[in-house]
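show me the folded form of this:
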Amino acid sequence: MIRVQDLSVSFRSPVLDGVNLHAPPASILALVGPGASGKSVLLKSVAGLLRPDRGDVFVDGVSLADKDEPGLAEVRKGIGMLFQNYALFDYLTVGENIAFPLRRLFDLPEEEVQARVSERLARVSLPGFEHRIPRSLSGGQKKRVGIARATVARAPILLYDDPTAGLDPVTSQKIYDLIKGEQREQRGCVVMISSDVAGVLTIADRVAMLHRGKLVFEGSADEAKTSVDPLVRQFIHGLVEGPL
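Below is the predicted model:
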């Protein structure tokens, strides 16, 4: 479970302004909104990668505000994250990329590391890709490798930053189905940024919308679809009712 309380972050000017948000366990929360509305900053704050100016983030009831870097590293053991630009290491093979969080965060026998890597690759329909290098992969394959790395540690909380950005509709839906299948199996808490509103609504349980650094909507996916709020209607349905 994730709870965001009165979160404010500024980089010369405000990026997040008093955001309150709740992501319940065993659910997928879609984080949507126009560009530069603070979505990625919010996700990085939840992961403990950014310090807020004000407010707090609670991960499974644990406050991040008073944690030093070793304390944050301990919290991050329970969080898997997929960055928008893949963040794969070009100098490592696919298998080494996926194994990276296991080797960095845990003291596991090498046999178990290799077994988990192989299992993850099979899960994302890339069996036998251990020795491939990232630059030889397509965009969709890189996304799947990123998902394999984000989930290899079996973290109960998963954060995805626009996992279908730049992908065609068919590949995007395969990525959504993969994320939903993983979430159902692990019963985890997923927070996912997506610019593909129609696609993400096919798997989201809840939706939160940011606009100019403020939370303007939080509710179920059905409530988002039927909202009468002009900002929400315009963004969810692509209606032209005035400037965002």
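
A150 contacts G80, doesn't it?
Yes - using CB atoms under 8 Å, A150 makes contact with G80 at a distance of 3.9 Å. Glycine gets a C-beta too; all of them are placed from N, C-alpha and C.

between these two, which contacts overlap?
Counting by CB atoms under 8 Å, 6 or more residues apart in numbering, the shared contacts of A150 and G80 are L158, L159.

where along the protein do the strands fall?
Applying DSSP state E to the chain gives strands spanning 2-11, 13-23, 27-32, 54-59, 62-63, 79-82, 157-161, 189-193, 206-211, 214-220.

contacts for the fifth one, please.
Read that as strand 62-63. D56, V57, V75.

okay if I get those as JSON lines plus pLDDT?
What follows is these, written out as JSON lines (pLDDT from 0 to 100):
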{"residue": "D56", "pLDDT": "96"}
{"residue": "V57", "pLDDT": "96"}
{"residue": "V75", "pLDDT": "91"}
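
what is the neighbour count of the closest residue to I203 other than its chain neighbours?
The shortest distance from I203 to any non-neighbouring residue, by CB to CB, 6 or more residues apart in numbering, is to K180 (4.2 Å). A count of neighbours around K180, defined by other CB atoms under 10 Å, yields 16.

could we number from 793 for the rest of this?
In the new numbering, first residue 793, that becomes K972.

so K972 makes contact with I820?
Yes - with contacts counted by CB under 8 Å, K972 reaches I820, the gap being 6.9 Å.

any residues in contact with both of those two?
I995.

now for the spatially most central residue of the chain: which residues touch it?
Against the mean C-alpha coordinate of the chain, by CA atoms, centre = their mean, the closest residue is Y952 at 1.8 Å. Going by CB under 8 Å, 6+ apart, Y952 touches M873, L874, I939, A942, I971, V982, V983, M984, I985, S986.

please enumerate the helices of this protein.
Per DSSP state H, the chain carries helices over the ranges 831-838, 861-868, 886-897, 902-915, 931-943, 961-978, 989-992, 1013-1018, 1022-1029.

buried residues in the third one?
What that stands for is helix 886-897. Under the neighbour-count criterion of 16 or more other CB atoms under 10 Å, helix 886-897 has V886, G887, E888, N889, I890, A891, P893, L894 buried.

swap in the second one?
Neighbour-count burial for helix 861-868 flags V867, R868 (criterion: 16+ other CB under 10 Å).
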